[in-house]
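Colleague: generate a structure from the sequence data that follows.
(chains A and B)
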Protein chains: 2
Amino acid sequence: MKNSQVSTAVIRRLPRYYRYLTDLSIAGVLKISSKALADKMGVTASQIRQDLNCFGGFGQQGYGYNVELLRQEIGAILGVDKNYNAVLIGVGNLGHAIANHVKFEKRGIKLVGIFDIDEKLMGQEIKGIKVKHISELDEFCKEYQPKIAVLTLAKAETEKMMKQLCDLGVIGFWNFANMELKAPSDDITVVNVHLGDSLMTLCYDIKDKI
Amino acid sequence: MKNSQVSTAVIRRLPRYYRYLTDLSIAGVLKISSKALADKMGVTASQIRQDLNCFGGFGQQGYGYNVELLRQEIGAILGVDKNYNAVLIGVGNLGHAIANHVKFEKRGIKLVGIFDIDEKLMGQEIKGIKVKHISELDEFCKEYQPKIAVLTLAKAETEKMMKQLCDLGVIGFWNFANMELKAPSDDITVVNVHLGDSLMTLCYDIKDKI
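Modeller: Alright, predicted model coming up:
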């Protein structure tokens, strides 16, 4: 399946399908109708049919989707089978929380290194990974060749760190600084996470409920 | 402006517009063309015109948008002028990080209370707010009437906490447990944050770049 065949809007919805299908698969569900999946996900059955029809062959009229096959197909599209190595830079509360809270392995990503500049943190273990000093980053990247970096740094340090990591072969940045980090070229992907954005849509939704 | 006049897809994009317009306003920019705003935001000018035309009157052909007026209008639509009180429940690394990292006040929200069950955390200050024991929650809510609750609890505790808070008048839940918390009625809004979803779209994007 080529990227170009699936629209960006559908791609953005795929992780949510993947989560639901994973839960269904774990629960032992083999087939599910678009109607039942829609009810679970709080969307319409026609939206689901429209989204998932791009992936062909998994839904049969009156029969439903094969949960595990569809899950695998969506996973493959998202690259869950790629087993990227990732590093996390910046062990404040947020870095710590992300390392512990995000299920990297469920998404086919292996968090292999955690780095900080603070000497006091060296040797501390997070999720079984010893925090290393940032001065060891170059050598580490040559050995582990991470493709993804999670950046939980101050704004001022983020761009410089991205440049260093680009030179070390990292091509995907998951940035948590409250800023729009720009990819230096088309070969690099940056996803800027703005936690506050979803808080604003929450505010919007409750406005008429008070 | 009634909710019904603006589509959900546009609403989801508004926080991002609001961020950019706030930065422009702080930088002293008075007017901006859809083309210039589009270049900054990495979208097309026609997308911007389509999105912002719903709000009428702020863009003039060949002249551009009045940055501050547009910012205020979008802010009002999002409810930034509502000054909701909010509480945060659960002071693990994630709760700690969210309290410190998210600019609540910029979004017209006042974080007034932080609660946990762990006696050891009592009295600790986060962003100038003393952590209180969960047993004080009822009384606190009667006094401060928070409308929003940030939940950074374990899955098992999240639903029970939502019910308690609903009874205390909270109508908006920003949930960080890795689960789909469902609103018990249409009067309640739940926004489930799944950090990992944006990581999966990152994986998707880099798949063809390796």
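
Colleague: tell me the secondary structure for A:Gln50?
Modeller: Recorded secondary structure, A:Gln50: helix (DSSP: H, G, I helix; E, B strand; the rest coil).

Colleague: should've said A:Phe115
Modeller: Under three-state DSSP, A:Phe115 falls in the strand class.

Colleague: if it is in a bridge, with which residues?
Modeller: A:Ile89, A:Lys132 (DSSP bridges).

Colleague: for burial, what's the neighbour tally of it?
Modeller: Neighbours of A:Phe115 under the rule other Cβ atoms under 10 Å in any protein chain shown: 22. (C-beta placed from N, C-alpha, C; glycine too.)

Colleague: ok, now which ones touch it?
Modeller: A:87-91, A:131-134, A:136-137, A:140 (Cβ atoms under 8 Å, 6 or more residues apart in numbering or on different chains).

Colleague: out of the residues you listed, which is nearest to chain B?
Modeller: Chain B lies nearest to A:Val91 out of the contacts of A:Phe115, by Cβ to the nearest Cβ, at 10.0 Å.

Colleague: for the closest one, which non-adjacent residue is spatially closest?
Modeller: In this structure, A:Val91 finds its nearest non-sequential neighbour in A:Asp116, 4.1 Å apart by Cβ to Cβ, 6 or more residues apart in numbering or on different chains.

Colleague: so the one you found sits right up against A:Val87, yeah?
Modeller: No. A:Asp116 is beyond contact range of A:Val87, at 11.3 Å (criterion: Cβ atoms under 8 Å).

Colleague: strands of chain A, start to end?
Modeller: A:31-32, A:59-60, A:64-66, A:84-89, A:109-116, A:125-126, A:129-133, A:148-151, A:172-175, A:189-192 (DSSP state E).

Colleague: how close does A:Lys163 sit to chain B?
Modeller: Applying Cβ to the nearest Cβ, to the nearest Å, the value for A:Lys163 to chain B is 17 Å.

Colleague: swap in A:Leu70?
Modeller: Counting by Cβ to the nearest Cβ - A:Leu70 and chain B are separated by 16 Å.

Colleague: was I right about that residue contacting A:Leu52?
Modeller: Yes. Here A:Leu70 reaches A:Leu52: they are 6.9 Å apart, a contact under Cβ under 8 Å.

Colleague: more neighbours: those two, which one.
Modeller: A:Leu70 (24 against 21).

Colleague: local confidence estimate at the more buried one?
Modeller: pLDDT, A:Leu70: 91.

Colleague: where does pLDDT dip in chain A?
Modeller: A:1-5, A:55-62 (pLDDT under 70).

Colleague: show me how the record splits it into domains.
Modeller: Split into domains by automatic domain parsing, chain A comes to A:8-77, A:84-197.

Colleague: check those for me and report the most buried one.
Modeller: Looking across the domains of chain A with neighbours counted as mean count of other Cβ atoms under 10 Å in any protein chain shown, the highest average goes to domain A:84-197: a mean of 18.

Colleague: please, where are all the helices along chain A?
Modeller: A:8-26, A:34-41, A:45-53, A:67-78, A:93-101, A:137-144, A:155-167, A:195-206 (DSSP state H).
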